Every structure is written in C-alpha cells, then in structure tokens.
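[1] missing the sequence, but the structure's below:
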C-alpha cells in the first residue's frame, strides 16, 4: 500500500473535502482524485463516497488502521535519521502533565552534573503526542503516565523498536470539590463512583476508558470534556463541581480548591514510564540508566 496514497486518503476524510485536502497537501484536486482512485484500485473496493464526501464501510475500516500505519512509517524514517544525527549533549524530553515527578527532576539534575554542556528542552504534551513525538524523532525520550496494577507495565500501544523504563509508582486520588459529601473521606472505591459525573481529561487526568477497564464496569461518563495540558484548569473545574477526576495523590494534594481522596479499591497505582528508541541518543540513554538505577535502589531498600 503506497503511503502517499494513504496520506491523501486520510486528509480527504479529515477535511471531508477533496479540494481542502489538495490545498493542505500541495497537490491539485485532480491529483488527489487520482490518488484515491489508485488506492481503491489497489484494495479492490470503493473507499470514499464523493457526494457528500464520506467513508464507505471499507473506508471507515481502513481509517481505523491508517494512523498507526503512517505513524510506524514515520517512526522508521526517524529511526534511520538518528543514525546520522548524533548530538551527545542534547536532550529533548516530552512528558505528560502528571509524569515529571521528583525522581525525574533529580535524575535530570544529576545528568546536568555529568554532561557539559547539557542542551535540555522539556515539552509538556498529551499522552498520544508524547508517544508520537518519540517515535517520529521530535523528542529523544518521553514520559507517559497512567493507572496500572502495582508493578504492572502501562497498557501502551505497539511502539515498535523502543524501550520503556519504569520510573515511579504512587497512590491515586479522586479530585472532589470541597463541598462534596465524600470530600472528607479517608479513601474511596472507584467502583462506588461509576455513576458519578466525571471530567473527560485524557491528557491530564487518568483517562476514563482506563477507569472503565480497571474497574471492569460501565459508567464513568463525562459531564464535560477538558482538552489540553492545564492541570490547574482541570482542578478549577473539579473544584466548581463540574465533575470528578483521578490524579496521582501527591500532585492532587498540591492543587488548590479541591479535596484529594486516596483510591482504596481497586488496588491501583499511578505509574510513570520513560520511553526512548531502542538505540537512544547519548543523553537519553544516560537518563534512562539513572532512572533505572534509582528504581533498582528503591526496590532493594524496600526488600531490606
């Protein structure tokens, strides 16, 4: 399957327009029509209805596969480019809003003392954007977070030739407005909150689909949607009673205007992982080694 044709297909359906897709891609509208016709010939079926522009059943199915296929192609290109683009003292680190905790901050400080000069850039992105940035070369490493059973890895998509390092685990907490009847509790069970009103904030709080999965229950329906990486904005919405959200306990307790109540059941932790290419840039590899060493030391301390 020709990736150029697939990109054209995605652009047409993203914009629901052949002409707008042509303008975005720098093609003529005739060229876009030819690309779609060639892709339909290759797959032996009609993919797009022309009036109005919409996917057929086959087109909708292909659209489910297309983003992952194109991302893996971009990742392969970036992986080859890294072989010739060597910057031993440069580190671009992307992270989700709740992922850069004390352990990472200390490791970055230690990296600064051993790497002269360290050209460090830190970017705050949503979960999918962090992963994409690492895979396509926009970042040398990325930190992602989520809910998991203790010591279990995060449920991440297929990342190709990458390595993940467990960074930290801590308790989770539900954000309640101070006036909520459960705000004074010592702990709560998530399964008791399935029918509560929630804030859908997949780039800042634990995604609601993760809560449904770990609780094995329907519910967790959003009252409002919050997009972006603004933790204080999320806390303000929770404090005003727009809905509940789940964050790591230490972070939740530091946010103003809300009550952070620890999650007792199910037995879950907030887990942070570092992602980097299988053959990382020098600084990214050293950061991974520092974080892996800290985790090993903490595990030894717990056992002794």
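    Structure's in. What do you need? Note that the coordinates shown come from a computational prediction; the quantities given were computed from them, not determined experimentally.

[2] Show me where the stretch 101-250 of the chain has its strands.
    119-124, 141-148, 162-170, 172-177, 188-189, 198-200, 222-225, 245-248 (DSSP state E, counting those that start in this stretch).

[3] Could you identify the longest helix within this structure?
    helix 57-82 (DSSP state H).

[4] returning to what we had before: so which of the strands of the stretch 101-250 of the chain gets nearest residue 277?
    strand 162-170 (5.8 Å; CB to CB). (C-beta placed from N, C-alpha, C; glycine too.)

[5] List the buried residues of the closest one.
    162-169 (16 or more other CB atoms under 10 Å).

[6] Flag the shaky bits of this protein, pLDDT-wise.
    82, 84-87, 294-304 (pLDDT under 70).

[7] Show me the residue sitting in the middle of it in space.
    The residue lying closest to the centre of the chain (CA atoms, centre = their mean) is residue 127, at 1.4 Å.

[8] how about it, what does it touch?
    Residue 127 makes contact with 96, 144-146, 202-203, 207, according to CB atoms under 8 Å, 6 or more residues apart in numbering.

[9] and residue 14, how many neighbours does it have?
    Using other CB atoms under 10 Å, residue 14 is surrounded by 12 other residues.

[10] before we move on, back to that, determine how far the longest helix of the chain lies from the middle of the whole chain.
    17 Å (CA atoms, centre = their mean, to the nearest Å).

[11] So which bits of stretch 106-116 are buried?
    Buried positions in stretch 106-116, judged by neighbour count with 16+ other CB under 10 Å: 107-108, 111, 115.

[12] Quick one: residues in contact with it.
    Residues from elsewhere that reach stretch 106-116 (CB under 8 Å, 6+ apart): 89, 91, 93, 118, 120, 283, 286-287, 290-291, 294.

[13] picking that back up, among the buried residues of stretch 106-116, which one sits closest to residue 226?
    Nearest to residue 226 among these, with distances taken as CB to CB, is residue 108, at 28.0 Å.

[14] returning to what we had before: the longest helix of the chain to strand 162-170, inter-axis angle?
    100 degrees (axes from the mean of the first three to the mean of the last three CA atoms, to 10 degrees).
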